[in-house]
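*Asks:* I'd like to go over a predicted model; first the sequence, then the structure.
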Amino acid sequence: TCARRSAAPAAAPLAGDTPSSPVASPYMIASRRLLSGTTFLAAFSLASGLRATPAIQRAFAGRAMAAAASSEAASSRPANPLGAVWQQTMLRIRDPETSVPFYENHFGLSVVDKYDFPQWSFSLYFMTTLTDEEKASWPEPGTEEAHARLWTTDKMCLELTHNHGTTLESPAPQTGNQAGFRGFGHIAFNTEDVYAACAELEAAGARFQKKPDEGRMKGLAFVLDPDGYWIEIVRRAPGLGFPKYNLSQTMLRVNSAVDTLRFYRDLLGMSVLAERHFDAAHGDFSLYFLQHLPEGETPPDPTTPEAMEYIKTRFGPVLELTVNNSPEDYVTGNEANDAGAAGFGHVGFLVDDLEAAFKYLDERGVTWKKRPQDGNMRQIAFAYDPTGYWVELVQKGASF
């Protein structure tokens, strides 16, 4: 079956149309003070001298609610009752002989584990950024030792899924960025020098959706992988001793900031590290960057410029949620449609106790694609997030 399509705000601007900085407009100032809807609109009218029309009321109320929801995370780290760890982003690929070397050679990812399921006609390749020390000690992919390491690691992996029989001659997967079929946006890698990295990638034959000096947003780029998925190249802070590239983002366009933050923050324990809000002249959308933080880590206030700089020092990826203010249906990536074959699959989390996690989330109204007791694999479950994306939950220490 296919995940549902949900009415949602419009997709983020295409690469090259992303704004470079938020605008401190009256609605932003009001929202950051967590004003009620009535006070919020009054502040707008007073500051702008304009009457708040019904359209303005709807748009501003949504922004105020989103700011209120995210700002709850500014002063404290959320509880993580499930012991959840973000462990994977899954993309369907057509040819592992092309895609796996692409990520190895261009972005330094390592295959840390591999599964073949001939009975179900698919294979899985788990890739992530490893330090030289980690490479020396990581077990051989496909072994029981690698399986054990995979399902206990706190490293977020790119999971490439190959359905047997597909090749580069097969229909391309939907990437989430085709007009009318948008949803998943991109993954990203951080690097110290975006311009030098892009020059090397171009010389090596990489295809670009956007080069660093194209569009309104300078200094970042989007590369296309062999299946057409967008890969953002983003600057990180210098001198951190990281590998040349580190896997740094997964971006999803979502319907509701309030509902989505409650799901990933309040239920799955992710912290809002940063938020940015852009007015209509600059795209009319908001961004929220989430990550699980280690004990004792205290990030800056997510509404400050320091928060974005803080993200550039992080080795592990952030989940970037994009909330737009014009209605559009989003696809979850699991539908085959006019945009192509199924593409993006899910984000996945390890949890301490899958049965307890299922009970906890089910009691709080989460809906399910697959419960733990469904099907052959009893150590995984699939929930729907508020937009309809599939969210895999995996028992820590699972064996398949």
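*Replies:* Received, thanks.
*Asks:* and for the nearest residue to Phe242 once chain neighbours are set aside, the neighbour number?
*Replies:* Leaving aside its sequence neighbours, Phe242 sits nearest to Phe315 (Cβ to Cβ, 6 or more residues apart in numbering; 6.0 Å). In this view, the C-beta of every residue, glycine as well, is placed from N, C-alpha and C. Counted with other Cβ atoms under 10 Å, the neighbours of Phe315 add up to 16.
*Asks:* correct me, but Ser170 touches Arg94?
*Replies:* Yes. Between Ser170 and Arg94 there is a contact at 5.1 Å, judged by Cβ atoms under 8 Å.
*Asks:* not counting residues beside it along the chain, what's closest to Gln178?
*Replies:* Leaving aside its sequence neighbours, Gln178 sits nearest to Ala339 (Cβ to Cβ, 6+ apart; 4.2 Å).
*Asks:* what sits against that neighbour?
*Replies:* 174-175, 178, 180-181, 331 (Cβ atoms under 8 Å, 6 or more residues apart in numbering).
*Asks:* which one's more surrounded, Ser170 and Arg94?
*Replies:* Arg94 (20 against 14).
*Asks:* count of neighbours near the nearest residue to the more buried one once chain neighbours are set aside?
*Replies:* Closest residue to Arg94 apart from its sequence neighbours, by Cβ to Cβ, 6+ apart: Thr166 at 4.5 Å. Thr166 is flanked by 19 other residues according to other Cβ under 10 Å.
*Asks:* tell me which stretches of the stretch 151-300 of the chain form helices.
*Replies:* 194-203, 257-261 (DSSP state H, counting those that start in this stretch).
*Asks:* just those: most buried one?
*Replies:* Ranked by mean neighbour count under mean count of other Cβ atoms under 10 Å, the helices of the stretch 151-300 of the chain are led by helix 257-261, which reaches a mean of 22.
*Asks:* what about that one, distance to the chain center?
*Replies:* From the chain centre to the centre of helix 257-261 is a distance of 14 Å (Cα atoms, centre = their mean, to the nearest Å).
*Asks:* what of stretch 197-216?
*Replies:* Its chain's C-alpha centre and that of stretch 197-216 lie 22 Å apart, by Cα atoms, centre = their mean.
*Asks:* endpoints of it, how far apart?
*Replies:* Length of stretch 197-216, first residue to last, Cα to Cα, to the nearest Å: 20 Å.
*Asks:* repeat for stretch 203-216
*Replies:* With Cα to Cα as the measure, the ends of stretch 203-216 fall 24 Å from one another.
*Asks:* quick one: buried residues of that stretch?
*Replies:* 206, 208-212, 215 (16 or more other Cβ atoms under 10 Å).
*Asks:* which of these fall in strands?
*Replies:* Using DSSP state E, the members of those that fall in strands are 208-210.
*Asks:* dump the residues you listed to CSV, plus distance to Thr367.
*Replies:* Shown next, in CSV, are those (distance: Cβ to Cβ, whole Å):
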residue, distance to Thr367
Phe208, 39
Gln209, 34
Lys210, 36
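*Asks:* wait, isn't the residue nearest to Arg94 in contact with Thr98?
*Replies:* No. Using Cβ under 8 Å, Thr166 makes no contact with Thr98, being 11.3 Å away.
*Asks:* so how far is Phe102 from the residue nearest to Asp154 when sequence neighbours are not counted?
*Replies:* Among residues not flanking Asp154 along the chain, Val85 sits closest, at 5.2 Å (Cβ to Cβ, 6+ apart). Per Cβ to Cβ, to the nearest Å, Val85 is found 27 Å from Phe102.
*Asks:* try Ser326
*Replies:* For Ser326 relative to Phe102 (Cβ to Cβ), the value is 34 Å.
*Asks:* and these two? which has more neighbours close in?
*Replies:* Counted by other Cβ under 10 Å, Ser326 and Phe102 do not tie: Phe102 has more neighbours, with 21 against 12.
*Asks:* next, count neighbours for the closest residue in space to the more buried one that isn't next to it in sequence.
*Replies:* What sits nearest to Phe102 in space, not counting adjacent residues and going by Cβ to Cβ, 6+ apart, is Pro226, at 5.5 Å. A count of neighbours around Pro226, defined by other Cβ under 10 Å, yields 18.
*Asks:* mind listing what Pro226 touches?
*Replies:* 93-95, 98-99, 102, 168.
*Asks:* out of the residues you listed, who has the most neighbours?
*Replies:* Busiest of the contacts of Pro226 [other Cβ under 10 Å] is Ile93, holding 24 neighbours.
*Asks:* so it touches Glu159, yeah?
*Replies:* No. If you go by Cβ under 8 Å, Ile93 and Glu159 don't touch, sitting 10.1 Å apart.
*Asks:* for the stretch 101-250 of the chain, which segments count as strands?
*Replies:* 110-117, 122-128, 157-163, 177-178, 181-182, 184-191, 207-210, 221-224, 230-235, 246-254 (DSSP state E, counting those that start in this stretch).
*Asks:* for this protein, which helix or strand comes out least confident on mean pLDDT?
*Replies:* Ranking every helix and strand in the chain by mean pLDDT, DSSP states H and E puts helix 26-32 at the bottom, with a mean of 33.
*Asks:* which residues sit in contact with the residue nearest to Asp154?
*Replies:* Per Cβ under 8 Å, 6+ apart, neighbours of Val85: 154, 292, 349-351, 396.
*Asks:* neighbour count, pLDDT and distance to Leu220 added to those, as TSV?
*Replies:* What follows is the contacts of Val85, written out as TSV (neighbours: other Cβ atoms under 10 Å; pLDDT from 0 to 100; distance: Cβ to Cβ, whole Å):
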residue	neighbour count	pLDDT	distance to Leu220
Asp154	11	91	27
His292	23	96	25
Phe349	25	98	28
Leu350	25	98	30
Val351	24	98	33
Lys396	18	98	35
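*Asks:* which member of these is positioned nearest Asn246?
*Replies:* The shortest approach to Asn246 among these belongs to Asp154, at 14.4 Å (Cβ to Cβ).
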